[in-house]
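**Q** Give me a 3D structure for the following:
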Amino acid sequence: MRIALFVTCLADTIAPRVGIATVTLLRRLGHRVTFDPAQTCCGQMHVNSGYPRQALPLVRRYVEAYEDAEAVVVPSGSCTGSIRHQHAVVAEAAGDHELAARARAVVART
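**A** Below you'll find the predicted structure:
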């Protein structure tokens, strides 16, 4: 399976070995891992601190980066939860129903 890896901003800055270990594990299991170097934060910090509008560009970037992915692996439970439970909500709240639908499709494979 081709798996897209979303390395969270915290893992990238504080614990980069998490990304390396995730790639090692996925490859050991026989998967092909891709990585988008233009990826950004999932937006969890923005939404959780009351700034959902500022998370909208991050939601859009995530959707654009991963909507063609067969599967997306996120080595963070809280970021995965944010992506799966907040992305479509953020897009809907901003009135972007097309982005919300696209986000729901991507998070189903995250």
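
**Q** Just list what the helix or strand hosting Met45 packs against, helices and strands only.
**A** Under the criterion of DSSP states H and E, Met45 resides in helix 44-48. Counting by 3 or more Cβ pairs under 8 Å, 6 or more residues apart in numbering; DSSP states H and E, the packing neighbours recorded for helix 44-48 are helix 52-66, helix 77-93. Heads up, the C-betas are built off the backbone N, CA and C, glycines and all.

**Q** Rounded mean pLDDT for it, please.
**A** Confidence for helix 44-48, expressed as mean pLDDT, is 95.

**Q** Repeat that for stretch 103-110.
**A** The average pLDDT for stretch 103-110 rounds to 96.

**Q** Equivalent analysis for stretch 27-37, please.
**A** The average pLDDT for stretch 27-37 rounds to 94.

**Q** Off-centre distance for it?
**A** 15 Å (Cα atoms, centre = their mean, to the nearest Å).
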